[in-house]
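>>> Fold the following and give me the result.
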Amino acid sequence: MNFTDLQLIDPILKALDEEGYTTPTPIQQQAIPPVIQGNDLLGCAQTGTGKTAAFAIPIIQRLYLARETDRKRKLISTLILTPTRELAIQIGESFAAYGRHTGLKHTVIFGGVSQHAQTNALKYGIDILVATPGRLLDLMQQGFVDLSTIKVFVLDEADRMLDMGFVHDVKKVIAKLPRQRQTLFFSATMPPAITQLANSILTNPVRVEVTPVSSTAETIQQAIYFVDKPNKKNLLTHLLKSNQMQRVLVFARTKHGADRVARDLNKQGFKAAAIHGDKSQNARQHALADFKAGKLRTLIATDIAARGIDIDDLSHVINYELPNVPETYVHRIGRTGRAGASGIAYSFCDAEEKPYLKDIEKTIGIKIPVVSNHPFPLVDFNPAPKPKQNAQGQRHKRGEDNRQNQSKRPKSTGFKRK
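Below is the predicted model:
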């Protein structure tokens, strides 16, 4: 099946083609048609299954087709509620990519930053709002957000909402939504509290359940380099001196990190460029074209920006930083070794990333070989100790509020899915 078989409109098909998407994932195949038809949906799916596109694409199509009647004024018609800032940003980037030819407007709001830019975007008017619960409730109380016009509500990563203590905030938001709406509910697990919440907000939902990819191709040679974080750039430069690395895709966790790696490599005389969500589409396409043409030997990308990269002769993938979601590792290294060809995937692991490595090896079911004879071996084998507790089991004052820590420092299972 191709995306063209899902009866998508031309503006979306054009955007998907530009992103390099041709074949929908199982969850996209199952979810897109009923969402387009206006059904409620209950999705039990983990990160790595393509669920952001599974709800973003049909939402964009429905809004675009309704624009003549529904957009006399710029009123929010879709709300996506998600637990973390990072995930909200990624979802916003996906809506920007898939809807770039539709004229639909969206914005992302989250806490921890000034609200000025967010409230300005809301004043100008948007179609789609992606938000975290705390900042959304804050702006609602200030009168910047009115949910009375919402036609589509998406609750993403519901089980994480529960883990992070956001369920009461979620219920406050739901209480402000119109009764007549389409609701899409996604959760990786279905504990009783989440099942109860789903039953209370969904009406005759279509159920979609998809397991994530969890195995790596046998044609990909994998290796782990244990290295201290400050020495990662030196190790990368050392490896790139090998003539066997003809075309290398390097994964960084953040946009700023990708830019920093690219700058470091260019200073060392290696032609490199970074692509991520803050780059314009033209800049990303230009960098990717140069990479495919061999003008750039190294491309540094974040996970979102790298989704459309499909290069048959990509010799190496390097995880400059290990992902905190195991399925993301599978997708990353799957960029090499395509169509039966061989490929090599190296990963750098510092002391703090060891829990991520453990989760990855558990997921893929193999022990990744370790390369020990390199110039920058790991010295700090142990991550920073956890804050001590007093006799009552309370943290010392040097730690922050427990809920704040949870939102800022994800566990090894990760909050950055997608």
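
>>> From residue 276, how far off is residue 283?
10 Å (Cβ to Cβ, to the nearest Å). C-beta coordinates here come from the backbone N, C-alpha and C atoms, glycine included.

>>> And for residue 225?
Separation of residue 225 from residue 276 (Cβ to Cβ) stands at 24 Å.

>>> Please apply the same query to residue 244.
Distance from residue 244 to residue 276, by Cβ to Cβ: 27 Å.

>>> for residue 79, phi and psi?
phi -120, psi 130 (degrees, to the nearest 10).

>>> so where is the stretch 51-200 of the chain shaky, pLDDT-wise?
The stretch 51-200 of the chain contains residues with pLDDT under 70 at 68-73.

>>> which residue ranges form the strands in it?
Using DSSP state E, counting those that start in this stretch, the strands found in the stretch 51-200 of the chain span residues 78-81, 106-109, 128-131, 152-155, 182-187.

>>> Pick out whichever of residue 244 and residue 276 has more residues nearby.
residue 276 (22 against 8; other Cβ atoms under 10 Å).

>>> tally of neighbours for the residue lying closest to residue 365 once chain neighbours are set aside?
Nearest residue to residue 365, sequence neighbours excluded (Cβ to Cβ, 6 or more residues apart in numbering): residue 215, at 7.0 Å. Residue 215: 11 surrounding residues under other Cβ under 10 Å.

>>> any idea which helix or strand carries residue 215?
Secondary-structure assignment from DSSP states H and E places residue 215 in no helical or strand segment.

>>> Residue 317 should be in a strand, yeah?
Yes. Using DSSP: H, G, I helix; E, B strand; the rest coil, the secondary structure at residue 317 is a strand.

>>> Report the beta-bridge partners for it.
Here residue 317 sits in beta bridges with residue 249, residue 345, going by DSSP bridges.

>>> Does it touch residue 251 like I think?
Yes. With contact defined as Cβ atoms under 8 Å, residue 317 reaches residue 251; the gap is 7.1 Å.

>>> So for those two, which residue has more residues nearby?
Ranked by neighbour count (other Cβ under 10 Å), residue 317 and residue 251 place residue 251 first, with 29 against 23.

>>> Just list the residues touching residue 176, thanks.
140, 147, 148 (Cβ atoms under 8 Å, 6 or more residues apart in numbering).

>>> Report the buried members of those residues.
For these, a burial check counting by 16 or more other Cβ atoms under 10 Å picks out 140, 147.

>>> So which of the contacts of residue 176 are in helices?
Secondary structure from DSSP state H places residue 140 of the contacts of residue 176 in helices.

>>> can I get the contacts of residue 176 in CSV with distance to residue 160?
Listed next are the contacts of residue 176 as CSV, based on distance: Cβ to Cβ, whole Å:
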residue, distance to residue 160
140, 21
147, 22
148, 27
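
>>> returning to what we had before: mind checking how far the residue nearest to residue 365 is from residue 347?
Taking Cβ to Cβ, one finds residue 215 at 17 Å from residue 347.

>>> Check residue 244 too.
Residue 244 is 17 Å from residue 347, by Cβ to Cβ.

>>> Kindly report the same for residue 320.
9 Å.

>>> Looking at these two now, which is surrounded by more residues?
Between residue 320 and residue 347, counted using other Cβ under 10 Å, residue 347 has the larger neighbour count: 26 against 20.

>>> For the helix or strand that one falls within, which helices and strands make contact with it?
If you go by DSSP H and E, residue 347 is part of strand 343-349. Judged by 3 or more Cβ pairs under 8 Å, 6 or more residues apart in numbering; DSSP states H and E, strand 343-349 is in contact with strand 220-226, helix 232-240, strand 316-319, helix 326-333, helix 354-364.

>>> What angle do helix 232-240 and that strand make with each other?
160 degrees (axes from the mean of the first three to the mean of the last three Cα atoms, to 10 degrees).

>>> before we move on, back to that, wait, which of the helices and strands packed on strand 343-349 is closest to residue 77?
Taking Cβ to Cβ, helix 326-333 is the member of the helices and strands packed on strand 343-349 nearest to residue 77, at 31.0 Å.

>>> Domain ranges for this structure, per the record?
According to automatic domain parsing, the chain comprises the domains 3-210, 220-364.
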